[in-house]
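[1] mind looking at a prediction? Sequence and model below.
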Amino acid sequence: MNLNPPVPLSWIAEFTGAKLIGDPAYLMTGINEIHMVRAGDLTFVDHPKYYDKALHSAATVILINKEVEAPAGKHLLLSDNPFRDYNKLTLHFSPFVPATASIAPSASIGEGTVIQPGAFIGNGVKIGRNCLIHAQVSIYDRVELGDGVVIHSGTVIGSDAFYFKKLPGGYTKMHSCGNVIIEDNVEIGAGCTIDRGVSGDTVIGEGTKMDNQVHIGHDTVVGKRCLFAAQVGIAGVARIEDDVILWGQVGVNKDLVIGKGAVVYAQSGVASSIEGGKVYFGSPVQEARDKMKELVYVKRLRELFKEA
Amino acid sequence: MNLNPPVPLSWIAEFTGAKLIGDPAYLMTGINEIHMVRAGDLTFVDHPKYYDKALHSAATVILINKEVEAPAGKHLLLSDNPFRDYNKLTLHFSPFVPATASIAPSASIGEGTVIQPGAFIGNGVKIGRNCLIHAQVSIYDRVELGDGVVIHSGTVIGSDAFYFKKLPGGYTKMHSCGNVIIEDNVEIGAGCTIDRGVSGDTVIGEGTKMDNQVHIGHDTVVGKRCLFAAQVGIAGVARIEDDVILWGQVGVNKDLVIGKGAVVYAQSGVASSIEGGKVYFGSPVQEARDKMKELVYVKRLRELFKEA
Amino acid sequence: MNLNPPVPLSWIAEFTGAKLIGDPAYLMTGINEIHMVRAGDLTFVDHPKYYDKALHSAATVILINKEVEAPAGKHLLLSDNPFRDYNKLTLHFSPFVPATASIAPSASIGEGTVIQPGAFIGNGVKIGRNCLIHAQVSIYDRVELGDGVVIHSGTVIGSDAFYFKKLPGGYTKMHSCGNVIIEDNVEIGAGCTIDRGVSGDTVIGEGTKMDNQVHIGHDTVVGKRCLFAAQVGIAGVARIEDDVILWGQVGVNKDLVIGKGAVVYAQSGVASSIEGGKVYFGSPVQEARDKMKELVYVKRLRELFKEA
């Protein structure tokens, strides 16, 4: 999330109780977890395995549970529990505010847009022109829709990321302070769910069309003119480039890239990044022609076992 | 869709700007895309590959982008963009009308039927007697339900077909002017989605029961007494005959037939038509006993590779 | 379901018209189908194959369609149609009562709990403290939520079991008279569906977290601190022990146990019980390392068929 106006490190140190090793006058411009950091951001790290990654990331401020030497140009915040303090910060700057009406007075809705009865539009939502939001749609706070967007009934946009940290007593939730951005001329079917980013934004690119019951995880960025058939599920932090076609019930793992123009056949599972411009099938996916050959070999297995 | 009363071709030609080669006094009785055409219908074709199919289909009026000889008894409408003109016609005769209330005044609801709070019932919807429509159900315009139908919460009936045409600038939507017909004593679980037909009707046959999160694509016709377990997905224009059982998470491709009484095991994928009266498994499906044998062979592969 | 206060057998016999072979003064304390019976319960049996099982179950009262000798301490109710009479009883003691408001006056909602606009809370629902129920959630009658529970939009809790009996004319529904119990600190994503028990309770254990579009069937008991990723589906009467992790799109069959701490990779199918503490993959599942080897062998099949 961006901080606008920026926030002095001295305030952050006092608010969290962390010990500042750096310049109290430095003005932080964002808070992001490690996948999303940019210069000016605060990020956190609480596991020795990731100290180096965090310290040498683009982040300028590192909330950390070990006193280390700060790399040049970085500021440290020492804490006994960086995760707790990070959540405290994101909750402060992006609190949940209960709704006072089905359509929040602070929502902005463009000319020509139709909101059907029973839709929920949260605080600070921005909807462009000539959109059609069907009955029973839920749009959580601050989500942004472009022009000409159609959202079918039962679809939920901006629900929290599925992002929990295991502690000895059970799971603790990472507060989702990111957003969802739906670009122009996107159509989303009925019963879909699109989670907001944990700290960055989940984005659905211009002209992309989704069938019913599609799930898009947090911080996933979908390109332009993609087609997702019914019951596709994409875990978090995936990057789906332009013109990708996913057929029904395809599952996509987190933290990967599907290259431009890739086509994935129904019920396939994309476990890691795949190149664009090719056709895939299987769980886990292979190039479709290889998978097809494999299926033929498997059917011929009885020959090898000398059984007719 | 049917046109009632029928419409003279002269009006169609003037409204679309297409050049009529045929009888201006001819009375058109329907508009349907090529999968659904009957005598009296207008259909469209814009790709040379399908000219013959359209010209020799049951349709009486063909909206086409090439001057060809009309087969006997057919009328042609010449257009530089048949798809655009077809959509213009279906939108004219089946326009989207924003709702003015959660339960449209034009909806007809039979005696003994209970509509729970928060359900949405669109314009012109017909619901039979002794139905139970749970909270947060969305029933789009003109959908028809028989008697004794139960629809659980969050289910959406009559959402648009997932049907887009790729043009150089991206996807353009085919307007859905078909309907959904739910016959007597159907029960539909929570969180299901049933799309309306593009030009024909999506039908759910008498006594069929669906579990939660089932997706039924446009123009699919489901027979009587079928059972679909949770998270089944059926793409468009499928014909599922009577007494078919699909277990959980089964996926069904478009444009195919599943024969009467077929049983398909969980997580299977039905890629093309399958005969009735048999049991299937796998993705893509085979007869279950063949698939089971195959699974045994695959487990024994280590023998062939000389590894214990 | 429990009967509180208990009901004399004489009343049951008169209400159903069944012939009592036993003590008319006996006080029945519950009605449950055969999977769930305890001492004091009435259960039913109508198929010779299951007579013995029912007669020697924990149930004290057996509604049966054959005159047999009652085991010691059991009472019989003779009926020509035990299924019909069983349903008549459960409907009498657990009738569907149409809602009069989106939030039933009989619901109890704890301090600090936020109900967003458009949520439906049925008759007699109990919600603990500091819960957050998002817009468009449907909570059917009598469901119970602990403290600190979060339910995201579009989720449905307490819908009917998918449980039908095939009769010559089609399927007849078993009335669901069980409940759903959600324990403390559970978080349930958007678009999930959790069915109530047919006669027992569906339970989601403390601290369990579910992503979006998860389906949980009737009478399933989920342990503490489980994690279910998006689009997981669990059929009825499963027992998922503590600390189980199911990744995206996993399907789980009915009537089985997943042992404590088991991890099941994405798109797998759990067909029968699996031990805890292990990692699984495949449809049907094997231990993941075995499945991985198998996948390597399958990829090498071309060697065996002498094709490069």
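    Received, thanks.
[2] doesn't A:Glu294 fall inside a strand?
    No. A:Glu294: not assigned to a strand; according to DSSP: H, G, I helix; E, B strand; the rest coil it is helix.
[3] quick check: closest non-adjacent residue to it.
    Beyond its immediate neighbours in the sequence, the residue positioned closest to A:Glu294 (CB to CB, 6 or more residues apart in numbering or on different chains) is C:Val298, lying 6.1 Å away. Placement of C-beta: from N, CA and C, glycine included.
[4] what's the angle between the helix or strand where that neighbour lies and helix A:288-299?
    Using DSSP states H and E, C:Val298 maps to helix C:288-299. Between helix C:288-299 and helix A:288-299, the angle comes out at 100 degrees (axes from the mean of the first three to the mean of the last three CA atoms, to 10 degrees).
[5] contacting residues for A:Leu63?
    Contact partners of A:Leu63, counting by CB atoms under 8 Å, 6 or more residues apart in numbering or on different chains, are A:Thr16, A:Ala18, A:Leu42, A:Thr43, A:Phe44, A:Val45, A:Leu77, A:Ser79, A:Pro82, A:Asp85, A:Tyr86.
[6] in these, find the pair that's most separated.
    Comparing all pairs in those by CB to CB, the longest separation belongs to A:Thr16 and A:Val45, at 14.6 Å.
[7] between the two, who's got more neighbours?
    The residue with the greater number of neighbours, taking A:Thr16 and A:Val45 and applying other CB atoms under 10 Å in any protein chain shown, is A:Val45; the counts read 24 against 21.
[8] roughly how far does the spatially closest residue to A:Ile34 that is not a sequence neighbour sit from A:Glu33?
    In space, not counting the residues next to it along the chain, A:Ile34 is nearest to A:Thr43; the distance is 5.4 Å by CB to CB, 6+ apart. Plainly put, A:Thr43 is 6 Å away from A:Glu33 if you go by CB to CB, to the nearest Å.
[9] quick one on the thing from earlier: in strands, which of the contacts of A:Leu63 fall?
    A:Leu42, A:Thr43, A:Phe44, A:Val45, A:Leu77 (DSSP state E).
[10] nearest residue to the fourth one other than its sequence neighbours?
    Spatially, and ignoring its direct neighbours in sequence, A:Val45 is nearest to A:Ala54 (3.6 Å; CB to CB, 6+ apart).
[11] what about the one you found, helix or strand, and which?
    Taking DSSP H and E as the definition, A:Ala54 sits inside helix A:51-55.
[12] report pLDDT for the residue nearest in space to the middle of chain A.
    By CA atoms, centre = their mean, chain A has its centre lying nearest to A:Asp219, at 1.6 Å. We have a pLDDT of 96 for A:Asp219.
[13] and chain A, split by domain according to the record?
    If the domains of chain A are taken from automatic domain parsing, they occupy A:2-93, A:108-292, with pieces of a single domain joined by a plus sign.
[14] how about the contacts made by A:Val263?
    Going by CB under 8 Å, 6+ apart, A:Val263 touches A:Val244, A:Ile245, A:Trp247, A:Lys278, A:Val279, A:Tyr280.
[15] which of those residues sits closest to chain B?
    Each of those was scored against chain B by CB to the nearest CB, and A:Trp247 proved nearest at 8.5 Å.
[16] I'd like the distance from A:Ala161 to A:Asp219, if you could.
    For A:Ala161, the distance to A:Asp219 equals 7 Å [CB to CB].
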